[in-house]
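Enquirer: what's the 3D shape of this:
(chains A and B)
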Amino acid sequence: MRIVAVTACPTGIAHTYMAAEALEQAAADAGHQIVVETQGSAGAVKLTAAQIAAADAVIFAADTEIQDRERFAAKPIVIAPVKRAINNPRELISRAAEAAGPEGAAEHVTEGARGDETVGGEGDDGTVGARGAAVGGPAPGAPSEGAKVHPATRLRHWLMTGVSYMIPFVAAGGILIALAFMIGGAEVAVKVDGGTWQGQTYPEVTDLSELVDRAGYAGVLFKIGTTAFSMLVPILSGFIAYAIADRPGLVPGVVSGLLAVAIGAGFLGGLAGGLLAGAVVTALQRIRLPRAAAGVMTVVGIPLVSTLVMGLLMIIVIGEPIAAAQRGLTDWLDGLSGTNAILLGALLGLMMAFDMGGPVNKVAYTFGVAGLASGDLEVMAAVMAAGMVPPLALALATVVRRALFTDSERKAGEAAWLLGASFITEGAIPFAAADPLRVIPSIMAGSAVTGALSMAVDATSRAPHGGLWVIGLIGSPVLYLAAIAAGVVVGAACVLVAKHFGQPLPEAAPVRPGTGGR
Amino acid sequence: MMPDLITADFVDLDLRAADRHEAVRSLATRLAADGRVTDLDGFLADARDREEQMPTGIEGGIGIPHARSSHVTLPTLAFGRCAEGVDFGAADGPADLVFLIAAPAGGHAEHLDILASLARRLVHASFRQALRQAMDAQAVVDLINKEVGGR
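Expert: Just a heads-up that it's a prediction; the model follows:
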């Protein structure tokens, strides 16, 4: 992994350099390359644009303002007091490896022994500092003007930052919900959130002190899991905005995500909200103000204005069209009832996989549940089967061709088996958010196959949740499983083909020597 | 040739001090006697200002009081070894090795480079260990010159 770091302390004669030395040692011990910019009194050798572009993660060990920190805007950043770097450099290095997540962690650069180092002075901004060469083997040789980062690369970096923060929420929440279904059956969701189950109506549990009595410990697991899930989109959008605009991006990003959930815009709404929030903050930061006003702008102005703008946008501009589109889709689906069942199944499959919990998915799911209420069990079966396909297809794809996926995606793939089997379609969101144009069409294809086959074999489901754990409530279970398997194989194959042939663009990720010159 | 960063006069292998301010004063007095610090109280005030921003102790028994001060003529290091330890605010307890770094306010970069490379050496456990085992003041000076000054 390649790391760049900046160290700075109030006086700039002691801790700045101790921290730099400690980080360089710890990075070399762990087999990483690091270049440290010491913003101290001895004059800093600035990191070159190429070095920053090539870095997988950034460490700020500083007790004072980092100079020119916008140079690092699109990178995963670990921030710590300068003394932390001196006392516990290994912790910072491993946090950086975590933050770098996917690409970085997979690539351990171990060549290049630690040479004798000389401090300060050498090199100017255009060339690589001697220190970089001494610490970690071959240093990036590209001149700084050659380090223009491709827009698609930056976009992918922003998305991956959001995704890497989101994945633990998906895994923890999803597995808890799956456990709840395994222990409590399909009715656990109804007992917690309210609704009707096999003729009996349950009110929603609003007072959590009654949760154990009314829904049992399975209900408690379900509640914890859905609570973690409720943060999934806000975390995604918040950290996308954070990746773009640094800390000021977090507030408008998180609020956009919360509102995306509230207006039913799903993860695609959150993704768009996060990108927009980052852009709004970046634009606000460009506005030049008199010195006196600038301080107020940073502390109050940017969070206030950016959050207001994003909130208005999400509620007023985006909210109503989404609701209208949902109404339109619902009416259209209702009109299709009674036509070709297999086509309807395929269509529901496409919708389930399109936005995984977003507005289109919701319409299809609600259509299934409405069918259940009116005694049409086949639609519900098709909807549930199609909703299980995306996580399973991606889990399968990560196993078949590991090299096409980043480290964190492979980990998400492990959890996705269980999530898919439990009809938690959200298990596929990390993959879809990281690479929407390739992943979403692929899983839509897989889900469409499964939806159509489920209808074709006349499978039925009396449960609106639960996936494989409620297989006892499924009619023609064997053919049902076969329909799911077929869609999973189709979806996985499409993902692999799309990723295989579409690779060069996003995977050019950080500009590296040898690849960056093109 | 640049003047030495440290001389035997600036080394106290038997530093006794009730607290960090006394330790700094004791070491700074040695610098003042040599003329490298022109105004002892002025320099102590600068060092105290720095210490109050954030304690300079780091884990492993090290205290690094330091200041850039207009009362300093040359970048200079004073070193004290204190068997009982002096608290410099590190999380793991008092410091037995005290490095007082005095830098002139407008120092040339090349002077400050020496201090930077000294600071880098302090992170190395082997360097600390050698300082703990040094037999006399001249041994400390030789060790530091060898490691930091490259001579």
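Enquirer: contact partners for residue 8?
Expert: All of this refers to chain A. A:T16, A:T38, A:Q39, A:G40, A:A61, A:A62, A:D63, A:T64, A:E65, A:I66, A:Q67, A:V82 (Cβ atoms under 8 Å, 6 or more residues apart in numbering or on different chains). All C-beta spots, glycine's among them, are computed from the backbone N, C-alpha and C.
Enquirer: switch to chain B, that's the one I care about
Expert: Contacts of B:A8 were listed using Cβ under 8 Å, 6+ apart, and they are B:A137, B:Q138, B:V140, B:V141.
Enquirer: coming back round to it: now, of the contacts of A:A8, which are buried?
Expert: For these, a neighbour count by 16 or more other Cβ atoms under 10 Å in any protein chain shown gives the buried set as A:T16, A:T38, A:Q39, A:G40, A:A61, A:A62, A:D63, A:I66, A:V82.
Enquirer: and these, which two are furthest apart?
Expert: A:T38 and A:D63 (13.6 Å; Cβ to Cβ).
Enquirer: what's residue 15 sitting at in phi/psi?
Expert: Assuming you mean chain A. The phi and psi values for A:H15, taken as degrees, to the nearest 10, are phi -60, psi -30.
Enquirer: let's do chain B instead
Expert: phi -70, psi 130.
Enquirer: okay, and the closest residue to it other than its chain neighbours sits in which element?
Expert: For B:L15, ignoring the flanking residues on the chain, the nearest one in space by Cβ to Cβ, 6 or more residues apart in numbering or on different chains is B:G80 at 3.4 Å. B:G80 is part of strand B:76-86 when elements are defined by DSSP states H and E.
Enquirer: next secondary structure after that strand?
Expert: With DSSP H and E setting the assignment, the helix or strand that follows strand B:76-86 is strand B:95-104.
Enquirer: show me which residues of that next one are buried.
Expert: For strand B:95-104, a neighbour-count test (16+ other Cβ under 10 Å) marks B:A95, B:D96, B:L97, B:V98, B:F99, B:L100, B:I101, B:A102, B:A103, B:P104 as buried.
Enquirer: other SSEs contacting the very next helix or strand once past it?
Expert: For strand B:95-104, the following helix or strand on the C-terminal side (DSSP H and E) is helix B:109-122. When contacts are defined as 3 or more Cβ pairs under 8 Å, 6 or more residues apart in numbering or on different chains; DSSP states H and E, helix B:109-122 sits against helix A:15-29, strand B:95-104.
Enquirer: quick one on the thing from earlier: which strands and helices sit next to the strand holding B:G80?
Expert: strand B:11-12, helix B:20-34, strand B:95-104, helix B:125-133, helix B:137-144.
Enquirer: strands along chain A, start to end?
Expert: Assigned strands in chain A, in chain order: A:2-8, A:33-38, A:57-62, A:77-80, A:195-197, A:200-202, A:460-461, A:474-475 (criterion: DSSP state E).
Enquirer: just checking, what packs against the fifth one?
Expert: In terms of contacts (3+ Cβ pairs under 8 Å, 6+ apart), strand A:195-197 is packed against helix A:187-193, strand A:200-202.
Enquirer: any chance of the ones you listed in TSV, plus mean pLDDT?
Expert: Below are those laid out as TSV (pLDDT from 0 to 100):
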stretch	mean pLDDT
helix A:187-193	88
strand A:200-202	85
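Enquirer: highest mean neighbour count out of the ones you listed?
Expert: Neighbour counts (mean count of other Cβ atoms under 10 Å in any protein chain shown) averaged over each of the helices and strands packed on strand A:195-197 peak at helix A:187-193, with a mean of 23.
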